[in-house]
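Engineer: One predicted model, sequence on top.
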Amino acid sequence: MDKSLKVIKLRSVTNRDRLIKDYDESKFAIDYVNSLNPAQYEAARAEDGSYLIIAGAGSGKTRTLVYRVARLIEIGYDPTSILLLTFTRKAANEMMHRAEILLDKRCSKIQGGTFHSYANAILRRYAVAAHLEPNFTILDQGDSEDVVNLIRSESPAVEEKTRFPNKQTLFKIFSLSANTGRPVDEIVDEEYPHFSKLLDRIVQIQSEYTIYKKINNLLDFDDLLITLRDFFFEYSPTAKRILDSINFIMVDEYQDTNRLQAELVEALTQTNKNIMVVGDDLQSIYSFRGASFKNIMQFPELFPGTTLIKLEENYRSTPQILTFANKVQDAAIWKYEKSLYSFRPDGELPYIIASENENMQSRFIVQKILELREEGVPLTDIAVLFRSSFFSFDLEIELTKANIPFVKIGGIKFVEAAHIKDILAFLRVLLNPLDLVSWYRILMMHPGIGPKTARKILDEISSGKATITKETSECANSIFATKCLKLLTAMRKIFVKEGTPTEKAQLVVNYYMPLFRDLYDDFNKRSKDIDTLLNITEKYTKLEEFLSDMAIEPPLDSISDLENPDKEDEKLTLSTIHSAKGLEWHSVFIMHAIDGFFPSIRSIETAEGLEEERRLMYVAATRAKQNLFISYPMKVFDREMGVTFSKPSRFLSNISPDIAEGYLLEE
């Protein structure tokens with residue numbers, strides 16, 4: 001057990017414990033007292049000091065933050081002195097929009113966005129003070145992996161017969177190290193012990209990756225936060241001026257922050273300690289991404305005198321579902337004590353269903369979905385959740401047989417589609433002519449250009465022998481001009497031409513289309529995405545802003561991926577529990593609740609791992625508004641052992657019949 005994760009005991013302070021300014025509530029445009037429940041109101045009226053808001057699932061945390069923003073502005077604080085950090089731009093925009101509707105347009109002037117978008121905005125504006133070149137390029141995950149692969153391919157270890165980690169694994173190790181503060185050797189030893197003998201070369205690649213980014217004016221996502229953190233901690237006159245301008249800092253979903261993000265929050269509060277973090281310790285489920293459960297548990301230690309406010313009234317689920325969720329978490333080792341409750345009308349008890357095998361489990365879920373559909377519950381308000389993606393394969397077959405359309409959360413994101421990455425590569429080069437990663441992608445699109453020739457051209461670009469910053473005639477003796485003169489000429493013309501991001505993107509598309517048709521057999525289907533990309537550029541006046549947004553907060557879906565030939569709009573949702581966090585449905589199925597699968601066999605090895613699995617069950621259960629079904633097969637197939645008997649998840653072991661009804665399926 002991790003001894004540093006001790007149980008935190010705090011008392012909620014009252015008005016007698018802490019000086020809270022009194023205002024004449026009748027002077028406010030909004031009736032805060034009667035619009036919020038008592039705990040929400042206590043959080044919304046918070047002003048000076050540090051606050052930890054433990055917001056249970058469905059307890060109206062967004063509403064609470066929105067009202068706090070409005071109240072601070074009504075009191076008279078400058079909206080631009082309020083900073084709201086979230087994990088998605090959508091969440092930040094939603095809060096600002098709701099606050100604007102609640103009060104007025106002043107609410108739209110607060111500083112709001114993701115950690116990464118805020119870092120990008122500050123670093124773009126104060127690049128020189130932060131020791132950066134102003135036109136730095138942001139690498140998304142795919143770009144970062146490509147840079148690592150470029151360096152990896154030149155490593156002697158790759159040429160040997162010994163298995164060497166691929167680019168995705170290497171970048172994951174480097175990123176995990178940056179976000180958690182753990183050294184690379186520790187991560188390799190604990191999570192990839194089979195690569196321990198190659199540790200020296202892995203560390204060398206990390207070092208070369210860092211140098212490569214520095215030389216080529218590149219920042220990956222982690223660099224954005226590291227650079228901003230260091231800039232603030234240096235506390236230069238510029239950094240101090242920025243920090244002095246911030247009166248209030250609010251951080252949403254604090255349980256999902258990693259060590260690096262927590263350090264950035266600490267850096268932001270050097271001048272002003274008015275910090276409010278909102279989150280739910282029982283929904284901390286992203287340790288595999290580097291999120292640290294310790295951050296929310298140890299926040300009161302980092303900010304002594306913190307006020308704890310608990311939001312426990314749930315507006316989503318029936319009392320029966322909440323009783324089940326509370327019982328699941330009763331045995332949690334590390335938590336803030338709370339118990340969700342609801343004033344919603346009573347519903348049915350959750351169901352725990354045992355089936356003979358996996359296929360019977362799938363057929364039951366299909367049958368129940370059809371019944372719910374006949375009762376008037378739309379497919380869009382039903383979800384099937386699972387611990388791991390492959391658990392749903394058998395179910396997907398049965399859904400197809402029953403002609404039930406479904407969408408499985410995941411898949412290729414818009415900017416990860418190859419043809420979109422192609423166009424973005426051209427645009428990145430126009431912004432940063434020394435972006436060798438993008439140049440390599442562009443060169444490899446052209447017939448007759450292989451890896452060796454591309455490398456030679458990259459050497460010419462990095463040395464300045466062939467570049468779009470010079471007249472094409474000055475590059476006449478280069479390999480670039482000899483092998484790909486049309487590309488060099490076209491990029492030079494677009495580079496020097498004044499124009500909006502849309503105009504530049506259109507010129508790139510004009511050049512790219514012949515290559516596009518040769519590269520992709522389904523170019524007709526993909527071409528709609530290019531139209532979408534051009535439409536997106538119309539919202540921007542600067543190319544760097546467009547490219548930054550596409551890297552930090554890209555559109556999620558490709559049109560070609562979303563199209564469904566059956567034209568059916570109503571679809572059932574299949575999702576991993578991790579992807580379902582923050583969502584809700586009328587009826588929820590949690591399938592494959594078997595010990596060794598959920599919790600997973602690996603998580604059982606440590607107390608921390610097991611506790612996170614328990615939180616996963618809690619998150620899954622609290623997605624349901626009206627109906628909750630938990631199912632498990634009593635027999636599962638193992639490739640080595642054949643059919644074996646299984647046990648229900650240990651998280652169901654303390655669930656008594658008065659909390660959930662048990663059923664055994666029969667043919």
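Structural biologist: Perfect, I can see it now. Everything numeric in this text was worked out from a predicted model, so none of it was measured.

Engineer: Tell me where the model's unsure across the stretch 251-400 of the chain.
Structural biologist: When residues are selected by pLDDT under 70, none of them lie in the stretch 251-400 of the chain.

Engineer: if I pick residue 434, what's in contact with it?
Structural biologist: Taking Cβ atoms under 8 Å, 6 or more residues apart in numbering, we find residue 434 in contact with 216-217, 461-462. C-betas here are computed from N, CA, C, even on glycine.

Engineer: separation between it and residue 357?
Structural biologist: Plainly put, residue 434 is 59 Å away from residue 357 if you go by Cβ to Cβ, to the nearest Å.

Engineer: my read: residue 236 touches residue 129, true?
Structural biologist: Yes: between residue 236 and residue 129 there is a contact under Cβ atoms under 8 Å: 6.1 Å.

Engineer: Going by residue numbers, what spans are helices in the stretch 151-300 of the chain?
Structural biologist: 156-159, 167-180, 184-191, 199-215, 221-234, 237-244, 259-268, 293-302 (DSSP state H, counting those that start in this stretch).

Engineer: Same list, the ones you listed, but as JSON lines with mean neighbour count please.
Structural biologist: Supplementary listing: the helices of the stretch 151-300 of the chain in JSON lines, determined by neighbours: other Cβ atoms under 10 Å:
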{"stretch": "helix 156-159", "mean neighbour count": "13"}
{"stretch": "helix 167-180", "mean neighbour count": "20"}
{"stretch": "helix 184-191", "mean neighbour count": "15"}
{"stretch": "helix 199-215", "mean neighbour count": "16"}
{"stretch": "helix 221-234", "mean neighbour count": "20"}
{"stretch": "helix 237-244", "mean neighbour count": "15"}
{"stretch": "helix 259-268", "mean neighbour count": "20"}
{"stretch": "helix 293-302", "mean neighbour count": "19"}
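
Engineer: Redo the ones you listed as a markdown table? Include distance to residue 118.
Structural biologist: Converted to a markdown table, the helices of the stretch 151-300 of the chain look like this (distance: least, Cβ to Cβ, whole Å):
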| stretch | distance to residue 118 |
| --- | --- |
| helix 156-159 | 38 |
| helix 167-180 | 17 |
| helix 184-191 | 27 |
| helix 199-215 | 21 |
| helix 221-234 | 8 |
| helix 237-244 | 11 |
| helix 259-268 | 9 |
| helix 293-302 | 18 |
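
Engineer: For residue 147, find the nearest of these.
Structural biologist: Between residue 147 and those, the shortest separation by Cβ to Cβ is 6.1 Å, and it involves helix 199-215.

Engineer: Just list what that closest one packs against, helices and strands only.
Structural biologist: Contacts defined by 3 or more Cβ pairs under 8 Å, 6 or more residues apart in numbering; DSSP states H and E place helix 199-215 against helix 141-152, helix 167-180, helix 184-191, strand 218-220.

Engineer: Indicate which one of these is closest to residue 300.
Structural biologist: Shortest distance between residue 300 and the helices and strands packed on helix 199-215, using Cβ to Cβ, is found for helix 167-180: 21.4 Å.

Engineer: what residues does that closest one touch?
Structural biologist: By Cβ under 8 Å, 6+ apart, helix 167-180 touches 141, 144-146, 148-149, 152, 165, 182-184, 187-188, 191-192, 202, 205-206, 209, 220-223, 226, 258-261, 289-290, 292.

Engineer: can you give me how far it is from the chain middle?
Structural biologist: Relative to its chain's centre, helix 167-180 lies at 16 Å (Cα atoms, centre = their mean, to the nearest Å).

Engineer: quick one: average confidence on it?
Structural biologist: Average pLDDT, helix 167-180: 91.

Engineer: repeat for stretch 83-93
Structural biologist: The predicted model gives stretch 83-93 an average pLDDT of 85.

Engineer: cool, and stretch 138-149?
Structural biologist: When the per-residue pLDDT values of stretch 138-149 are averaged, the result is 88.

Engineer: re earlier: rebuild the helices and strands packed on helix 199-215 as CSV, extending it with distance to residue 508.
Structural biologist: Converted to CSV, the helices and strands packed on helix 199-215 look like this (distance: least, Cβ to Cβ, whole Å):
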stretch, distance to residue 508
helix 141-152, 17
helix 167-180, 26
helix 184-191, 38
strand 218-220, 20
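
Engineer: Relative to residue 102, which of the ones you listed is closest?
Structural biologist: Of all these, helix 167-180 comes closest under Cβ to Cβ, at 34.9 Å.

Engineer: where do the helices sit along the stretch 451-600 of the chain?
Structural biologist: 451-463, 479-496, 501-519, 523-537, 543-552, 559-562, 577-580.

Engineer: Now the weakest link among these, please, by mean pLDDT.
Structural biologist: Of all those, helix 559-562 carries the lowest average pLDDT, namely a mean of 44.

Engineer: returning to what we had before: looking at the helices of the stretch 151-300 of the chain, which is closest to residue 397?
Structural biologist: The stretch from those with the least distance to residue 397 (Cβ to Cβ) is helix 167-180; that distance is 29.2 Å.

Engineer: and the angle from the closest one to helix 184-191?
Structural biologist: Put simply, helix 167-180 runs at 110 degrees to helix 184-191, going by axes from the mean of the first three to the mean of the last three Cα atoms, to 10 degrees.

Engineer: now for the helices of the stretch 151-300 of the chain, which one comes closest to residue 33?
Structural biologist: Put simply, out of the helices of the stretch 151-300 of the chain the one that sits nearest residue 33 is helix 293-302, at 27.4 Å, with distance taken as Cβ to Cβ.

Engineer: Residue 519 is in contact with residue 445, correct?
Structural biologist: Yes: Residue 445 is in contact with residue 519 according to Cβ under 8 Å; the separation is 6.4 Å.

Engineer: Mind listing the shared neighbours of these two?
Structural biologist: Overlap of the contact sets of residue 445 and residue 519 (by Cβ under 8 Å, 6+ apart) consists of residue 422.

Engineer: that older thread, generate CSV for the helices of the stretch 451-600 of the chain, with distance to residue 340 and mean neighbour count as supplementary columns.
Structural biologist: Putting these into CSV (distance: least, Cβ to Cβ, whole Å; neighbours: other Cβ atoms under 10 Å) gives the following:
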stretch, distance to residue 340, mean neighbour count
helix 451-463, 57, 16
helix 479-496, 57, 18
helix 501-519, 47, 17
helix 523-537, 40, 16
helix 543-552, 34, 21
helix 559-562, 35, 16
helix 577-580, 18, 19
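
Engineer: Any idea which of these gets closest to residue 50?
Structural biologist: Between residue 50 and the helices of the stretch 451-600 of the chain, the shortest gap by Cβ to Cβ is with helix 543-552, which sits at 27.9 Å.

Engineer: Which strands and helices lie in contact with that closest one?
Structural biologist: Applying 3+ Cβ pairs under 8 Å, 6+ apart, one finds that helix 543-552 makes contact with helix 115-125, strand 137-139, helix 418-431, helix 501-519, helix 523-537.

Engineer: and the ones you listed as TSV, adding distance to residue 231?
Structural biologist: Putting those into TSV (distance: least, Cβ to Cβ, whole Å) gives the following:
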stretch	distance to residue 231
helix 115-125	7
strand 137-139	16
helix 418-431	22
helix 501-519	27
helix 523-537	30
